Every structure is written in C-alpha cells, then in structure tokens.
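Chemist: The following block contains a protein sequence and its predicted model.
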Amino acid sequence: MTLPRLTRAEMLWVLLLAASVLLAALAHVFPVLRGFPAGLTLPLADWANAVLTPLVEALRPLGRLVSAAVEGPLEAIRAALAWLPWPATVLLVAALALQAGGRGLAVFAAAALGLVVAMGYWPKAMNTLALVLISVPLAVGIGFALGALAHRFPKLQPALVVLLDVMQTWPAFGYLIPLLLLFGFGPTAGLAASVVFSIPPMVRNTLVGLRGVPPAIVESALMAGATPAQLFWQARVPSALPQLLVGVNQTTMASLSMVIIIAIIGGFDDIGWEVLSAMRAAELGRSLGAGLVIVLIAVLLDRITRGFAARGRRTGRRVLWIGAAAALVLAVALAGQDLLPGDAGQRSLRRLDGWLLDFVAWSAPFFGLLRNAITYGVMLPMRLGFSGSASPMVWGFALTPAIIAAYALASLALALWLGRRRPMRGIAFGFAALLVWTGLPGFPWPGVFALAGVACWRAGGPGLCALALAGLALAGVSGLWAPMMQSIYLCAVAVLISFALGGALGVLAAESDRFSALLRPVSDALQTMPQFVFLIPALMLFKVGEFTALIAIVLYAVVPPIRYVEHGLRSVRADLVEAAVQMGATPRQMLWQVKLPLARPSVRLGLNQTIMAALSMLVIAALVGTRELGQQVYVALSKADAGAGMIAGGIIACIALVADRLLRTPGEAPGRTD
Amino acid sequence: MTRKSINAAVSAFALAAMGFGPAHAADPGATGDTIRIAMLEWTGAQITSQVVGRVLEKAGYKVEYVTAGNYPHFQGLADGEIAVSPEIWLNNVGDIYPKALEAGQIEDLGTLGLQTNEGWIYPKFMEELCPALPSWEALNDPDCVAQLATPDTLPNGRFLDYPSDWGSRAATIIADNNLPLTAVPSGSEGAMLAELRAAEAAKTPLVMMFWAPHFILAEVEVGWIEMPPCVDQSNEHCIMPPDVNKVVWSGFAEKWPAAHEVLKSFRLSTEDQQQMMLAIEQGQSLEAVADGWIAANEAAWRPWVDAALQ
Amino acid sequence: MAQAPEIMLSCRNLWKVFGPRPGYYFDTAGYRIDPDALAARLRREGHIPAVADASFDVKKGEIFVIMGLSGSGKSTLVRCLSRLLDIEHGAMEFDGRDLGRVGGRELTEIRRRKMGMVFQSFGLMPHLTALENVAFPLKLRGMDRAAREARAQEMLDLVELGGRADALPTELSGGQQQRVGIARSLAPDPELWFLDEPFSALDPLIRRQMQDEFLRLQRQLKKTIVFITHDIMEACRLADRIALMRGGRIIQIGTPAEILLSPADDYVAAFTAEVALGRAIRLGDLAQPDAAPPEGAPLSARAPIEVLLPALAAGQRRFAVEGGRVVEAAAVLEVLHRDARHGGTAT
C-alpha cells in the first residue's frame, strides 16, 4: 500500500495524532495526564470576588437608583393590566392583531387569550406581559443606540460583535448574584438579565439596517440639505425601518424567553414563576398549561410585531382607534367585577398528570430499554471511553492486553485504509478511534490544549487560538476541568443526535409540503415552550441523570437543524435542480450530490445554531442532575459566590464563542480562508 | 410616613384592640407600612406565609405576599425588600444565610415548630422486593442492590441524592458504611418528585434522600429507612431532623416591634400544615385553606397577638 | 453671439485620491504639480487618483456633460462638485465662494437653496410618497407643510406626474421614479443642477423619452447643468459642451461637433467612432456666416445634418440656417463621408 504525499498541514495533524496516542497511553501510567493537575489550580473565584465585591458595592447606589426608576413604570403597567377587565384587554389585542395581520390573526389572538383565561392564568400572564413591555423598550432603545453608535464609529464594531456574542451565550444564572447585589431583590435584577440577553439582536439588526441604506438615499438627503441629525432621523432610520422592526421582533422573542428563566428570582408572580413552581412540584399539567400560555404569548407577539414590520405605515389606524375606544368603554363598564373563571381550567390541567403517570407505568419497560441502549451504546463510550467502560459487568469482557492490541491494530489499519486517498479522512478516523478509547472527558489534557490550539489557529488565526487556549486554561486553573469536559461531552452527544435527527426531519420537510406544515408548529412550540416543561415527562420516563439531560437538550437543539436544512434544501436554485434532472440524477443522487452540497452554507449555519442551542440548555439540564458547568453555576448561586458563577458562566460563553467561530462559513472567518 | 398618620393608625388599631391599656404592650410601629412576606417555591412555605400574614393582619398590620426564589430571597431579606420569611429550612440555605446572619442583615426568630424529618425513603412497595426494609441492612443485600442498579452505577445500586447545590451528605454516609450504592445528585426538587411519582406508578425500585413535611408524602406511600449509627454527630456524617426557623430583616424589630413579638411566638404544627397541603392537593385554593386555619385556630393565635399588644 | 456668458462654476486643478493617506501627497504648497507624474506615483503607491487635475468652467445656462466609461472618474468628479466628497487639492468657485472650503451650516444652506442633484438609482426615500419625496428638501429647510406641498405638487405637475402624488416609490415604474427624482431636485429652484447618469438605469425607449423631457424642461427653466453620462449619443444629444474623462483626467473639452470632428487623440476618436455623425452633428455646427444666404426659409440650427439628405440628393448645394448663416454641401458631405468610412450607423 503506497501512501500519498502529505501536505505540511496533514503532517502536522499526523504528528498531533501520534502525540495524542502517546499521551493517552502514558495517561494509563501517569494519571496526572488525565484530569487537569490539581496542583495548578488557583483560587480564581476568590480573586474574582475580591474584584467584584467592591465594584458592585461601589455601583450599588446607582443600581438601586435604576431599580427605583424601572420599578415605577413597571408597577404602573402591571396595575393598568390588572385593572383592565380581561374582555377589554382581549378586544384591544384583537384590534391590534387586526391592524397588524388581518382577520385571521385577530381571531387567533382572541382565541389564544381566551384559552389563557380559561386555563386560569390570566393575572400571571398579564404580569409577564408587563415585564416584557418594560424589558423590550429598554432593550430596543439600548440596542438601537449601540447599533447606531457602532455604525457611526466602525472601529468599535469588532469589539462590539464579541461583546454581543458573550451577552448571548453567558448563562444569566452565572451573573445573577452580582445583579441581585446591584439592583436588590425584585424584578429589576431579572429585567437587567433579560435586557442583557435581548439587546444583541437589536444591535445586529440596527447595524445591518443602517449599513443597508442605499448610498443614493444618503447622498440625496445630503444634497437636499440635510444636517447630520436630519440625515440620521429622516433618511437613514426610516430607510432602515423594516430591518429595525425585524430587530424589535427578535428582541421581543429573546426577552420573553429570558423573562421566564429569570423568574427564579421571584417577586413578580408571573408565568415564569408558575412554570418554575410547577417544575418544582413536578406537575406536568400545570407546567404544560403555563408553558402553553408562554407559547401563545410568544406567537402573538411574534406575529403582531412581524405584521407591523411587513406592513409599514400605509394602513389606516381607524380599526385600532375603534378597538381602543371599545375596549375603554368595556373596561369602564366592567371595572371592578370579578370576571375570571374559577379553577376548573386548573383542575382539568391537573388531570394530565394522572394520564402521564398511567403512561409511565405502562411504558416503563420500553423506555427503560431505550435508555439502556443509548447509555451503553453512545453515552458510556463517549464519557468513559472503551477503556473505561469495558468491564465484564457492562460489556461482558475485561480489558486484556490482547484486546488493547487488537483495538490499536484494527484502528491503525482502518485509518490507513481510509486515508489512502484523502489523508485527512484517515487522520480524522484516528482521532475518533482514540476518543472512543479514552472517552471525551478522559482525553489527556495536554492533548486537548494542543488539538484545540491547532484547530483554532488554522480556522480563525491567532486570535481564536488565544481565546480557545485561554478558555481551557481558565477551566483548568479554576478547577473546573472535569465539569468543562463533561459539558463538552454532553453537548457533543446532544449535537450529534440533534443534528442527525433534525437533519433527517429537515430533508423530509424539504421534500413534502404537508410534512413541513405539520412540523412547523411542533418546532415553534419546542423553541418557545420553556424548556423546564419537557423535563418532567423526561424525568419520569428516563430518571434523573445525564440521559434525561440529553433528552431535554436534544428536544431544544433539534429545531435549528430542521429549520436550516429545510431552508437550505428549499432554496437550492431551480435551474441547477433542473440541470441535474436532465442529466439523469436519481432522487438519492439529487439529494446527496446536488442539493446537500449546494445547501452547505445553510446546513453549516444550522450546525452552528445547534451547538449554540445545546450550550444554552446546559444550565437547564443541570436541574435533572448533571455534573457539568451548568451545575457549577447553580452551586455557585447557592453559595452566593459571585466569582465562581461568573467563571463557570464565562467558560460556557467561551466554549460557545470558539465553537461559533470554528463553524462560521469560510467567507465569514476572520483571517485566512481556504 | 407622617406623625399624623402614625397617630391615626395607632388609634385605629387601639379601637380594634378594644382600647385596653397598653401597660406592657410593644409599640405596633409603622402599621401603615406594608409588611412584605416571602412566598417561597414550595407549598408548605406558601401555607406558612399565608397563615403568618393573616395573623399579622389580625394584629392590625398590612401585609403583602411576594413570590421569591429560595436563594435570591436572602438578598431581599438582607436589604429589607422582604420583611419576613417564615419557613426557612436551615438544611437548605447554602452559604448565603450564614453570611447574611453574620453580617447582621437578618435576624433568626427561632423555630417555626414544625416536626421535621429527614432521611432516606423508599416507596412502600419495595418492602416486598427487599424484605429487610426498613432496616438499612437491606441496602447491603446483593439482591436488593441489584434491583437498584443502573448502567451508570453498575455494579452498585443507584441512590438518588439531593441536588448538588444542597450538599452531598448521603454520599458521605454511604462511604462511612461501605454501602454498595452510588449517590446520583438529582438536580432539583422537581426531579426528585418526578422520580418518586414515576417509581410509584411503574413500580420501579428507588431509594432517595428526602424530608418531611412534604405534600408528596400524602400522595405516595413511603417508608423511612432506619439509618445506620452515625460515625460522628457532625452534620456531614449524621442526618438530624432539620431546624425550620422564622427569619426577619434586621430592621424588623425596630420598625414593627409588636409584629416582631407576634412572629417570635408564632408556631405551626406539622399536622396542621400537612392537612392544609392535602386540602390544596384536593383542589382548594391556598387563600381559602389559610382562612380556614385562622377561623378554626383562634385559640392558638389570639394569645400571640394579645401578648404582643398588651 | 452677444457678450460672453457669465461663469457659474469654475474648477481649477481638482484632485480626488482614494487610498490610505491621500493628504500626504498634496502637502506641497508653493510648487506646481506635474499631474502625470503624480498620478503615476499615486498608482504605484497603492492610491487611486479618481480625479486628477481637472480644470473647467461651467457657464450660466449651459448643459455641461461630463462623459467617460465606468471608472473614468466622472461620478467622483460630480460628487466633488456637490461636495459629497472632499477634494484633496484644487479650487472650486461657485457663487463667489470657494466651494471647496465651505463647510457645515454654510454648505447645508448652499445645498438647500442653490444646488439640486438627480441620482442614477433615484435615491427616493422608500417610506415617503411621491409628493413627500419632492417636498423633502423643503421640509428639511423648515418650510411649512402647506407651502411645501403646494410647491411639490407644482413640481410633480411639471414632470407630468401630478396624478401619482400619493404613490410610494415601489408603486412607480423606473421612469416615473426618476421623474420624482427630477422634481425633487428642482423643488428648491436650484441655480446649479447636477444629474448623475439620471437615465442609465432606464430602458432605451424610456431613456429617449426622458431625454426629450429633460430638454423641454431645460428650455423652460434655463438651469446651469452638469450632466454625467457614459453614453456618447446621450452626451451629443444633450450637451452644449462635453468634457471627456479617462483615468481621472479630462482629455478633451468642447462642443459635441468639436469632439466628434476633431478628436484630441486616438482614444477620443475610437470612442466617438460609433456615433452616426449624420444624426449627431447639427446644422449650426457647420454653418458659416454668409452675407448672401440662399432663398427659402432658414433651417433650425439644432437640426441634425441628416435632414439635408433628400435635398442633397436633389442637387442643392447651399442651405440657409437661422441666424443668417449658410451650410455648404461640401462640408456636409465631408462629415457624411467620415461616417461611411467608420461604417457608423449606431443610434
């Protein structure tokens, strides 16, 4: 067998592989190579606290001032929404929906809100709405200002992009303690987290919008004699308005999702609190009901803001005024009466729990088998590796030198065979075989540093490499190496499953309109339903542990690949498909050799989003008993250890940033492109 | 608050209290200012809060119930945003509580009077699978342990522990006694309840850490394992019934002296709380249940109020 | 011709350079710049001299066309004249002021009252109706609503779009959008009117109509116009004078006939070769003053010489042109002969 000549890059990878194998072998002898050496850890959390505590203390008066300024209007909106009798509110929202999206949307609005009333969640839903009504304008205002600033001073943009990514990926629980210290107990701390999380889409859309204003419009405004302020407000902003409204829409969605998570603080008796309480009591019916309320509010807000974004200003406002007037009349007429239905809705929701338990009892053997199959087949090999999980107890045989040798030889032979034409394939297989041997968390730590460093350098240049190494070093030095590897392992398995499953569903949806229509509401619900809701049935079927965490993560992370793969396949140019048909491509060839390669940018973006979604679920998955970074965030929260929380959250953000940069489409990658 | 309105409030209160001479009465304090009471996540605490609130109302105070997360709410207590948290389980206060107590930001008003329990439980049907139960010796029996084993814990049996952020005493005790069990942290209370319910429904074996009073114990029949003798009496190696105390903001006594007295004497028994939990499980509203307790137990609360005001 | 017409805009040695540090090359107060050498050096050192040493005068009331292929610097030049771009070097005098040096409020005021500009891609505000777009410059300078809308309606009527006042730009065809653009640029009644390839984005037929429309408007309004185009036929149809640009330099300035009949170099000659001279050269271009014009009504000086073809075929040798001038058949035939040599029959 002759081997092809290797390029320098391939040589480098072969060397790395050889070094990794050596390290893995040595790790059996020197355990210090396995986990990050304890001798190298530093009391980073204490240092962080030493910086954070005085800082927060100094900013406290300012924070309390902000709290007071925010809570006034918040209380006013809440009181107004509480005072409005529900028929008046429903009428008002329906009129708004009519204005934004026509009759269909108005009917949907009325029906959805009616359901909220019937289920007995009206007051809590209104409290949530009050939170959103404060948090969205704040986020939109700050985001718009930041975007405009970055547009005016383009030199700020690179730093801003990184900041936005960090804001979106840093788990909110990680900085909850400093927020509580700063703003005090109350809705402001939660609102602050929600605003932090929902600013980025507004900034991004503002930038895109302002950048997209045609030069002719700017020039024509200048030639019309516009002052700088006139140019901005009368030419640039109105021209960018559609994009700005897209930003408002995305900000609203982000804000709503965060308002739920942040309810852990309490103090506002909103739907998020209800979801958390129901989760705490493990009541599926209640949590599903509350989750449904959120889905309905999300869909309504989404359709209404999107409707306004698409419609522009060319519709009469009459409907709206009539609706508002009628609502006011109704409000005055009905004021003070108790119109809310009793707890019949709640009682029927509770019935669900009985059904769920019956189902659990009936299906336990089947789901137990499924759980065992995936645990043995996928999770244990990836966590403990072949070397760790092969024992007579688990797989029926012990690890003897003969077996080790056989494994090594078989892997080497396969790697050489696979790499005979494309060396990278063989190298990739080599790494995979090594990983299966050691398990992800057991991979020798110097190897992790080397691999991440080289991969990041090649994909994104020295900056990305430095970021990746800094993140790894931070995890190691702060004593979070094992949870970090555990996080990566859990996310990797979840991404693998989500991407395979979601990709397959996306392909089917791209082929069949009916299937696509069927799938869409499901993915909408999966994405907007507070993730806590899925935890209860998953727990009952699969018990506490990584597997349930995996299910919860997959349920959320399966949506992006569905969407992006379908979108990518559907937007393949029709003329290319025709050309392929004309050349005699079978449907299978069409998919694998024409459509999927052409849809690659979209598929790649889908993979990127899958990873982001999986990482964002880590903190929630911790609620079913995991050992990863999300759990560390909770532990820090319970210890009121701001520094530890910040560090654990920071490492998650770091992983997300690196993964994102690694998977950007080559055109977007900073530095080199291939 | 102006002096005038204080006077008005005081006299209004005096009328309500039939105008007895205030010989040793504590000063009612700022009765015009609302006392904010924490409503923590679990049903028991919410019942206690509602009952406490009603008693304080009987003593002439205005109260407001604030939903609050267990950990975050200590910050509220420390700042005075929340005035009272009447049911704090001292086994689940993280490091926040001792820090705040040490800093003098909160004041512990002593026991709530609940008869608590904490330990290892199992669903009752398991006594057929492991006949040695409820003795802890059952957990040394290979047949019993095999029933508890899962792929994650092989060859050991699986033991469902508290969430990591509540500490890991169970793992220590397992180690102390060389039990063939692996403690798996549960992540959250909800996760523990879901497992217990599912175990009961599907008749799958389960041993877990738990505490009482808890509403689930009215729903699922469980047994408490008779624990092995403690290696030493420290908290880490020995499970004792946890203390459940009433905690107030450090400025409470000064602002509402009489309410402070009322809270000090306030007690709620386990039986009462459990009955109320059951009533809520059966569909009654929290408010109605608390009203019911006030109506039925005037003999209990009237002396607390009177003692504080006279 | 009576007295020499007043000069409206005078430009001397304009330079516009794109690149990392254009200012560095013009820190040369005192000594003369050798344009070719400097342009070559700029290119060598990673800069683009988009406008190099442009000098010309635009007379009051004339249509001054700047013509060149894409990349020749013509659009950059007009942006320098309107100060959308700042020049590196040179002097521009307009309205008694050094246009290159005015800034801030003063520049805004000049643009609000004395300049108008039409853009190739129209530059209409997508959120405003046709009427509001036309009224936009008036709104910016603070005119009250009724007055500016009346003026805008008047302008729309002028471009024959009075009936579409409430239409949004997306509801208008390309030609209609550019009419709105024209109306908008004329709304403040500017003295100096810039048109940057205004008709290039339109279909050929519409373009032709718009050119006629433009000439009609100019006859009515008598603005001073700087008109940018890459289309030599358009330049010849519209221009009083043409400035031809290549690589940032102005290589020839002259009337269309001068450019067509006496090209400055081979590039200009090649450029103009495709033009049908019979249509592009007007009688006025060839007419000579003559004491004894032939009989018959004099022909229009703006008429293309091809109108003489039937009469030439019939053997007529001298033609009277308005203003007491005469065109000799020999001159006409010489031009037509050149046409035939180039095979030039392009429109």
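Modeler: Right, received. Where do you want to start?

Chemist: ok, B:Asp27 to chain C distance?
Modeler: Counting by CB to the nearest CB, to the nearest Å, the gap from B:Asp27 to chain C is 66 Å. C-beta here means a position set from N, CA and C on the backbone, and glycine is covered the same way.

Chemist: And the residue of the stretch 51-200 of chain A closest to chain B?
Modeler: A:Phe185 (2.7 Å; CB to the nearest CB).

Chemist: A:Ile265 is in contact with that residue, correct?
Modeler: Yes. Counting by CB atoms under 8 Å, A:Ile265 is a contact partner of A:Phe185 at 7.1 Å.

Chemist: Helices of the stretch 101-250 of chain A, start to end?
Modeler: For the stretch 101-250 of chain A, applying DSSP state H, counting those that start in this stretch gives helices covering A:103-119, A:122-152, A:157-169, A:176-183, A:187-211, A:215-223, A:228-230, A:237-261.

Chemist: Which residues are in contact with residue 118?
Modeler: Assuming you mean chain A. Contact partners of A:Ala118, counting by CB atoms under 8 Å, 6 or more residues apart in numbering or on different chains, are A:341, A:345.

Chemist: actually it's chain B I care about, not the one you picked
Modeler: B:Glu118 neighbours (CB under 8 Å, 6+ apart): B:91, B:209-212, B:239-242.

Chemist: Mind checking which of those residues land in strands?
Modeler: Using DSSP state E, the subset of the contacts of B:Glu118 located in strands is B:209-212.

Chemist: top of these by neighbour count?
Modeler: B:Met209 (24 neighbours; other CB atoms under 10 Å in any protein chain shown).

Chemist: Look at that residue and report its pLDDT.
Modeler: For B:Met209, the model assigns a pLDDT of 91.

Chemist: lowest average confidence, helix or strand, in chain A?
Modeler: Here the helix or strand of chain A ranked lowest by mean pLDDT, DSSP states H and E is helix A:392-395, holding a mean of 60.

Chemist: mind listing the strands in chain B by residue range?
Modeler: Under DSSP E, chain B gives strands at B:35-39, B:63-67, B:84-89, B:106-111, B:117-123, B:157-161, B:181-185, B:208-212, B:222-224, B:244-249.

Chemist: Keeping just the C-alphas, turn the last one into PDB.
Modeler: Spelled out, that is strand B:244-249. The C-alpha trace of strand B:244-249 is given here as PDB (Å, rounded to 0.1, in the frame of the first residue of the first chain):
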ATOM      1  CA  VAL B 244     -37.100  25.200  60.400                       C
ATOM      2  CA  ASN B 245     -36.900  28.800  61.600                       C
ATOM      3  CA  LYS B 246     -38.600  32.100  61.100                       C
ATOM      4  CA  VAL B 247     -36.200  34.800  59.700                       C
ATOM      5  CA  VAL B 248     -36.800  38.500  59.500                       C
ATOM      6  CA  TRP B 249     -35.000  41.500  58.200                       C
END
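
Chemist: Could you list every helix and strand in contact with that strand?
Modeler: helix B:70-79, strand B:84-89, strand B:106-111, helix B:257-265 (3 or more CB pairs under 8 Å, 6 or more residues apart in numbering or on different chains; DSSP states H and E).

Chemist: Can you say which of these is nearest to B:Ile173?
Modeler: strand B:84-89 (19.1 Å; CB to CB).

Chemist: does chain A sit close to that closest one?
Modeler: No. Judged by CB under 8 Å from any CB of the partner chain, strand B:84-89 and chain A are separated, with a smallest distance of 11.1 Å.

Chemist: Just put the helices and strands packed on strand B:244-249 in CSV and tack on mean pLDDT, distance to chain C and mean neighbour count.
Modeler: CSV is the format used below for these (pLDDT from 0 to 100; distance: least, CB to the nearest CB, whole Å; neighbours: other CB atoms under 10 Å in any protein chain shown):
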stretch, mean pLDDT, distance to chain C, mean neighbour count
helix B:70-79, 85, 45, 25
strand B:84-89, 91, 54, 26
strand B:106-111, 89, 57, 18
helix B:257-265, 89, 60, 21
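
Chemist: how about a markdown table for those, with distance to B:Trp120 added?
Modeler: Shown next, in a markdown table, are these (distance: least, CB to CB, whole Å):
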| stretch | distance to B:Trp120 |
| --- | --- |
| helix B:70-79 | 23 |
| strand B:84-89 | 17 |
| strand B:106-111 | 24 |
| helix B:257-265 | 34 |
